[in-house]
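K.L.:
coordinates for the following, if possible.
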Amino acid sequence: MIQTLCIWLANTALSHLFAELGWFVPTVQTVHILGIAVVITLLFVLNFRLLRITRSGPPLQRIAQDSLPWVWRALLVLLTTGVLLTITEPARELLNSAFRWKMLMVVVLAVLTAVIQFALKRDPAYWSTSPLRRMQGNVIAVASLILCISIVAAGRLIAYV
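P.N.:
You can find the predicted model right below:
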């Protein structure tokens with residue numbers, strides 16, 4: 001089924017147009033990489049604060065309030081550029097196990113980020129009010145950091161798998 005989708009998509013006029021424009025793929029990849037940098041940087045700042053690795057500067061609530069809207073915007077840019085790249089070379093992406101793992105990890109990362117954000121919206125001190133919540137926040141932060149690194153690695157592996 002995915003193979004059929006790839007063949008159909010590769011034969012569309014849009015896919016041919018994107019593939020023929022010499023500037024298209026490098027430009028879209030550059031925007032995609034910049035979007036990744038935004039997401040990873042902001043999530044590292046947030047998760048380092050959640051882990052109490054960084055203690056100076058604004059409180060966790062403020063960091064989340066200021067940075068998470070940019071994370072969600074950057075994820076929309078990543079979705080858009082990812083779709084454009086997939087249209088250009090559907091089989092390279094959709095049939096690739098590294099790509100599938102990357103997408104799964106992105107979904108999990110988005111869920112973890114939403115959990116942090118919603119808890120802070122309800123209670124700005126949520127992640128520090130009890131030892132259990134601190135531990136849960138630490139687990140989420142470590143998982144988020146591991147996912148960030150793994151997503152970048154999976155993205156690089158797409159070219160080699």
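K.L.:
pLDDT wise, what is the residue nearest the centre of the chain at?
P.N.:
For the chain, the residue sitting closest to the mean C-alpha position, by C-alpha atoms, centre = their mean, is V106 at 4.8 Å. Each residue has a pLDDT score; the one for V106 is 98.
K.L.:
which residues does it contact?
P.N.:
Contacts here follow C-beta atoms under 8 Å, 6 or more residues apart in numbering; on that basis V106 touches 75, 78, 151. For the C-beta atoms, the positions are set from N, CA and C on the backbone; glycine is no exception.
K.L.:
any idea of the mean pLDDT for the helix of greatest length in the chain?
P.N.:
Using DSSP state H, we find that the single longest helix of the chain is helix 60-88. Computed over helix 60-88, the mean pLDDT rounds to 97.
K.L.:
show me what that helix is packed against.
P.N.:
Using 3 or more C-beta pairs under 8 Å, 6 or more residues apart in numbering; DSSP states H and E as the contact definition, the elements that helix 60-88 packs against are helix 13-20, helix 24-50, helix 90-94, helix 97-122.
K.L.:
rerun at 6 Å
P.N.:
Using 3 or more C-beta pairs under 6 Å, 6 or more residues apart in numbering; DSSP states H and E as the contact criterion, the neighbours of helix 60-88 among helices and strands are helix 13-20, helix 24-50, helix 97-122.
K.L.:
make CSV from those helices and add distance to S67 to it.
P.N.:
As requested, these are exported to CSV (distance: least, C-beta to C-beta, whole Å):
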stretch, distance to S67
helix 13-20, 32
helix 24-50, 4
helix 97-122, 10
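K.L.:
which one of the ones you listed lies nearest to L84?
P.N.:
helix 24-50 (5.0 Å; C-beta to C-beta).
K.L.:
got the angle between that closest one and helix 13-20?
P.N.:
For the pair helix 24-50 and helix 13-20, the angle between their directions (axes from the mean of the first three to the mean of the last three C-alpha atoms, to 10 degrees) equals 90 degrees.
K.L.:
may I see the buried residues of helix 24-50?
P.N.:
Residues 28, 32, 35-36, 38-40, 42-47, 49-50 are the ones in helix 24-50 that count as buried (16 or more other C-beta atoms under 10 Å).
K.L.:
go through the residues you listed and name the one nearest I158.
P.N.:
Looking at those and their distance to I158, the nearest is H32, at 11.6 Å (C-beta to C-beta).
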